[in-house]
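S.K.: Can you look at this prediction? I've put the sequence above it.
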Amino acid sequence: MLALRVQNLSKTFPLKKPLFGAAAPGVRAVRPTSFDVARGETLGVVGESGCGKSTLARMLVGLLDPTEGSIEIEGHALNTADPSEFGKLIQYVFQDPNSSLNPRKTIRQIMEAPLKHLHKMAKPERDQRIREIFASVNLRESFLDRYPHEFSGGQAQRIGIARALAAQPRIIILDEPVSALDVSVQAQVLNLLADLKAQFGLTYLFITHDLAVVEAVSDRIVVLYFGTVVEVGRAERIFARPRHPYTKLLADCAPVVGRPLTAPEQKGSELPDPLNPPPGCAFAGRCPRTTEICWTTEPELKSMGEDQLAACHQPLED
Amino acid sequence: MGSYILKRLASAIPVLLGITIIVFLIMSLIPGDPATAILGSYATPENVEKLNRDLGLDKPMVQRYFIWLGNMLTGDFGRSFSLNRPVLDEIVERFNATLVLAGTSFLLCAVLGILAGVFSAARQYGWTDKAITFVVLIGISVPSFFLGMMMILVFAVNLRWLPVSGMYAIYGGGDLPDLINHLIMPALALAAVATGVIARLSRSAMLEVLRQDYIRTARAKGVPERRVIMGHALRAAMVSIIPILGIQAGFVLSGAVYIEIVFQWPGVGRMLVDAILKRDLLLVQGGVVFVAACYVLFNIAVDVAQSLLDPRIKT
Amino acid sequence: MTLFLNLVFRNRLAAMGAVVITAILLLALLTPILPMHDPDVTATADRFKRPFSDGHILGTDHLGRDLLSRLLHGTRLSLAVGIAAALIAAATGATIGIVAGYFGGRIDNVIMRVVDMLMAFPYILLALAIVAALGPGLMNALIAVAAVNVPFFARNIRGITVGLAGREFIEAATLAGMGHTKIILTELLPNVLPVIVIAMSTTVGWMILETAGLSFLGLGSQPPQADLGSMLGEARSAMISHPHTSVVPGIMIFLIVMSINLLGDGVRDALDPRLRSGALSRPRATTLVDRKGPLPAPTNDLLSIRDLETQFHVGARTYKAVGGVSLAVKPGECLGVIGESGSGKSVTALSVMGLVASPPGVITSGAVYFQGEDLIGAAYETLRKKRGDRVAYIFQDPLSTLHPLYRVGHQLAEAIQSHQKVPNHKARARAIQLLKDVRIPNADSRIDDYPHEMSGGMRQRVGIAMALANDPDVIIADEPTTALDVTVQAQILSLLNDLRRDRGLAIIFITHDFGVIAQLCDRVAVMYAGRIVEEGPTQAVLDAPAHPYTKHLIACVPELGQGRRVLATIPGLPPMVDDLPLGCAFAPRCYKAQDKCREREIQLLGTKPRAVRCLFPEEPV
């Protein structure tokens, strides 16, 4: 059973039309992208800055209108732009817990909003729900009448998760939910997320730049580069046996205890100009395996062994 | 750079049009028969008829606007009934006097204000800072017209150091020293408020910049403190000070109206007030459009200066 | 609210302003019931009476009217008109600004275009045009002043709203199913309101001044009714012969505006949280030093930090950011300092060269010896000559640490010329060589780039080049790769490693990442709550961590290549350094803590090079 199906989703940010001449074609933040997420699965989305992962996430929850493509949740197409339609099915946990909580509202007011507006619950019902949710994210009820600035990053992030849960969504998009947290707190939040998933039968889309974190929490992982999916595969295999040279580069660069320090690439690490993207593979300029075809033709995402897909003309072998 | 200036000039065209539309709309607020109202006490039947013909007041509003605009573009701002001469001639003559006064004041407040702000920030909470802050506070709280009057009382009437009013002495004046002599008090009185505002905002701009990481970098690489303040910090602070200068130029120009009245300075501000009191509205209308247009051009110069300073602005 | 008032009145000038303006307001309110002369009754026989004459405390004006009575009535009028104008302008402007800022797009575009056009007028021209059209009169002056100020409010509030509308809590509200009106009223408005109040409190004085100004010109209140401005205007002709008639209303305007400005500043400071925390203090050229007691003995290391204590004094609170840290590096050695946020690792690093922002930072104890010379107590010029010359820094975020308005070549040359007398062309040549040393391609053309024209990795290379400019002995790198992508991080780390081997540099490397430490550093010191809890050779510490904190911290970090799993956690939160427990700071989170752990200071003990600050270590050291 599919929880989420994304087909050819893409986003192009239009540029301001210059005074003279025609408008430029715009910045393609996400190129047409398709993937499925099964119910109960955690799909990791990993990529470096500028790869379009946040744009993708914001389209999935309806905060950004896609330029093209469709989103289906549990078989129902979401073709409305009404965020409250999205809100009941899919929720979002933000990277910065402090900026996602209104500084001038109490935690109770923040928690009530989704119950009141999405589910039209009455006051006693709401209080009951909030108590249940707070118990499941291990927060004390006495926190409810405090203001966001009184909480540490880890606590605030739990409140953010509790708010997402309050909407009773089927899917939660986690956008770098632990990058702003210290490592000792990071592990607490990651484990809590795993427990909640089991308890509520949720489906996660976990977006991050941290390979070790994404590997530790995901079932499958999607690797993004320059707005395109370059590789999809099972978490336990994708970094160990990558097919796409970019995935390999990422895996080689992650600092690992016990591995000597070497610079995996000596060429520049710059992304192509998003205003003027190259015709072929966006990674060609950095890739050690580049051939003629890589400069001219954009590679398609092809199946490469069990549960693994990669968009590469010269994929790596085992 | 040249293309940036051209682009800014091009973008000024809609603003200038907007200004004329706003003035036109305000003037159409005048209750009753516009021609009679515009002419006020000069409304003889011939004058009314002439004005109706000139402005096409019998025509629809949009058409009237374009007639008025077209006339202005050919340099025809109409004729002042109270002075019985072309509006444009009067404005240009008066605007020169205003420019001398406001220009001097502006230079004074820019230099003094920025210096005071920088010193104040560099010695935050020190004795200099407190003294400057106090003087600045008085500067921005005292009405410039009252300050001007008190200056006349003290320096002209009691001490007899400076002339009471006017731009030149009535007998035997007219040279530069005479002008400067007459200029000192009004220029200072006019500069007081803007100096205060610029000093305050420069101070906070400097404090803001001094907390930035790149100031710490400069110190970490051993740049002498004087250079850190007057080079690194001031340069970065100028990015937020320059727009303030642009805004304050408008305030200096505005304050000039009061100062011209107090010091009998023959400028455009006094002309406007006289014209309003005499209800010579063509003169008001023309004066407002002319001065506002000059201010728009001045602000383009400010933008260009800003783009020279800050490479992050796309030229 | 009481907190707010306390904050306002802690500022003595603001309190003074509040007292004066309250007194004036009270007088103005009571004016109609006070036993006084009718302000408008003329008595030409009594004209120009001096102040303190019979029956007229402040004297009379040119028509023999009682000045005190006219002054109070005028004040009443001026205040009423000025405050009304401020309220109208604030309400209209804020509404326009919120709508434009929240909806953005075309609505914003159209509104802001009109606002820009209105602001293209020097304000008085617009006011004069409005008064000219509507005719002189107090009501019309009020309308003119309010209308002229609407654009200021609109633009100001729009700016704030745009910032807020992009914040995540607004998006969260959308996802919670709230509509636009609801979001504007319950999410935006409470956050914008303080800004509106600040803008009003700082401009109401100005608006009183402006309406008085129009009256002064004869365009506001019409005789016999008089506000302060028209009193001054009428008195002007007799200014020379009877100055008191002008001085009285003039001083009143001054008092009103000044007291409102003082109070307004106080309100602004109290409502603006940035100012509240004292963040707008300018950091001095060097950190304040206030050491008591004898200095620790110097050592013969290249650089050694001895018993360093650095505190932040904020209000009545003292944050012990660094509580007695000792570290040392030898030439060619890389020492890693690892810790979570708030552990004091960065403050330790910045203390070395007196770069901790002060206020609020104060170095209260200890010494830093560079080749045997104490840097903490050194005079500014001594310290400056060492900064960047012998001990250089690399900072975290290369975008904010490079000056945005100078070309990178200039910044590099400046680093050289601050310490060596080198002509410009030579400094430039050296700068190009430095860029080549850090492997920046096309160094000859890149040298004329501005920092914003470079990518993050390139900027950090410039940061490293700048640190290398004078061939320093020690480089202190404060999280130099934290802001970078993982592929860029790998390049920067290997560059640093090569440089250290080639040049015999000593590096102190501050980070929160064990992977980075493991790859780059010879030795590591683990910090917790301002102190070193464990130190030793990197491999030894990683293989057999002795402090329970180190052990758990290593276990918390997911490591690539281990697949999906449940992560180890440390319960609880790091302590606040303004309220440290007695004994071991980690005890409240430690699984093996006993009463002994909380009784007294615990020493950092062990056989060199290993040491641990724990009574029950995991491994003997």
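M.R.: Looks like it came in fine.
S.K.: CA only for contacts and neighbour counts going forward, please
M.R.: OK.
S.K.: these two touch, right, residue B:76 and residue B:69?
M.R.: No: judged on CA atoms under 8 Å, residue B:76 makes no contact with residue B:69 at a distance of 9.4 Å.
S.K.: List the residues that contact residue B:118.
M.R.: Contact analysis of residue B:118 by CA atoms under 8 Å, 6 or more residues apart in numbering or on different chains lists B:199, B:202-203, B:206, B:234.
S.K.: Adding distance to chain A, neighbour count and secondary structure, write the residues you listed out as CSV.
M.R.: Below are these laid out as CSV (distance: CA to the nearest CA, whole Å; neighbours: other CA atoms under 10 Å in any protein chain shown; DSSP: H, G, I helix; E, B strand; the rest coil):
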residue, distance to chain A, neighbour count, secondary structure
B:199, 33, 30, helix
B:202, 30, 28, helix
B:203, 29, 27, helix
B:206, 27, 29, helix
B:234, 32, 20, helix
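S.K.: what's the neighbour count on the closest residue to residue A:281 other than its chain neighbours?
M.R.: Leaving aside its sequence neighbours, residue A:281 sits nearest to residue A:298 (CA to CA, 6 or more residues apart in numbering or on different chains; 4.9 Å). The tally of other residues near residue A:298 (other CA atoms under 10 Å in any protein chain shown) stands at 17.
S.K.: Residue A:298 is in contact with residue A:278, isn't it?
M.R.: No: applying CA under 8 Å as the test, residue A:298 and residue A:278 come out as separate, 9.1 Å apart.
S.K.: partner residues bridging the residue nearest to residue A:275 when sequence neighbours are not counted?
M.R.: Closest residue in space to residue A:275, ignoring its immediate chain neighbours: residue A:27 at 5.5 Å, by CA to CA, 6+ apart. Residue A:27 has these beta-bridge partners by DSSP bridges: residue A:13.
S.K.: wait, what's in contact with residue A:27?
M.R.: A:12-15, A:274-275 are the contacts of residue A:27 under CA under 8 Å, 6+ apart.
S.K.: Quick check: residues of the stretch 451-600 of chain C near chain B?
M.R.: Proximity of the stretch 451-600 of chain C to chain B, by CA under 8 Å from any CA of the partner chain, involves residues C:452, C:466-467.
S.K.: If any of these are buried, put those into a PyMOL selection.
M.R.: To isolate the buried members of these in PyMOL, using 16 or more other CA atoms under 10 Å in any protein chain shown:
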select buried, chain C and resi 452+466+467
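S.K.: before we move on, back to that, what is the nearest of the contacts of residue A:27 to residue C:5?
M.R.: residue A:13 (47.2 Å; CA to CA).
S.K.: Counting neighbours, what do you get for the residue in the stretch 251-400 of chain C that chain A sits nearest to?
M.R.: When distances are taken as CA to the nearest CA, the stretch 251-400 of chain C reaches nearest to chain A at residue C:340, 5.9 Å away. Neighbour count of residue C:340, defined by other CA under 10 Å: 21.
S.K.: That one should be in a strand, yeah?
M.R.: No: under DSSP: H, G, I helix; E, B strand; the rest coil, residue C:340 sits outside any strand and is assigned coil.
S.K.: show me what contacts it?
M.R.: A:182-183, C:512, C:527-528.
S.K.: 6 Å instead, please
M.R.: Neighbouring residues of residue C:340 by CA atoms under 6 Å, 6 or more residues apart in numbering or on different chains: A:182, C:512.
S.K.: Give me the three-state assignment for the residue nearest the centre of chain B.
M.R.: Centroid-nearest residue in chain B, with CA atoms, centre = their mean: residue B:253, separated by 2.2 Å. At residue B:253 the chain is in helix, as set by three-state DSSP.
S.K.: confidence score at it?
M.R.: Looking at residue B:253, its pLDDT is 92.
S.K.: Just give the nearest non-adjacent residue to it, would you?
M.R.: That would be residue B:102: by CA to CA, 6+ apart, it lies 6.0 Å from residue B:253.
S.K.: what do you get for residue A:94?
M.R.: Using CA to CA, 6+ apart, the closest residue to residue A:94 is residue A:175 (5.5 Å).
S.K.: Phi first, then psi, for the one you found.
M.R.: Main-chain dihedrals, residue A:175, degrees, to the nearest 10: phi -100, psi 100.
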